[in-house]
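Chemist: model the structure of this input:
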Amino acid sequence: MEKELDKVVEEIMSTPNISGCLVADHQGLCLASKGAAHVDSAGIIVAISEQACKIQPTLKPPTVCLESNQKLCLIQRHGTITGAIYKQKE
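Modeler: All right, here's what the predicted structure looks like:
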């Protein structure tokens, strides 16, 4: 699984304007991190996703977008895995 995960992270990082990528399990354990994504943020990223899911629990998990002047952080949960992609604004 680790090789497959590394392949996906590398593919994401090769996308234009992507500055970081993080993947964590349901307990907030960082499974992969690359670029501007910090391992220490895995727990809070999972917590943000879990809280967003409580807004409408009968629907699929929402994508959370945290935005600043220069960057975006997109957080998405799929099953027990949560991913965050850091993107530079164009």
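
Chemist: all the strands of this protein, residue numbers only.
Modeler: In chain order, the chain shows strands spanning 18-24, 30-35, 64-67, 71-78, 81-88, with DSSP state E as the criterion.

Chemist: who's in contact with the most far-flung residue of the chain relative to its centre?
Modeler: Distance to the chain centre peaks in the chain at residue 58, reaching 21.6 Å (criterion: Cα atoms, centre = their mean). Counting by Cβ atoms under 8 Å, 6 or more residues apart in numbering, residue 58 makes contact with nothing. Yep, even glycine has a C-beta here, placed from its N, CA and C like the rest.

Chemist: how about residue 17?
Modeler: Under the criterion of Cβ under 8 Å, 6+ apart, the neighbours of residue 17 are 87-90.

Chemist: so where's this structure uncertain?
Modeler: Screening the chain residue by residue with the criterion pLDDT under 70, one finds the ranges 1.

Chemist: tell me which residue is most central in it.
Modeler: When the chain is reduced to its mean C-alpha position, the closest residue under Cα atoms, centre = their mean turns out to be residue 84, at 1.2 Å.
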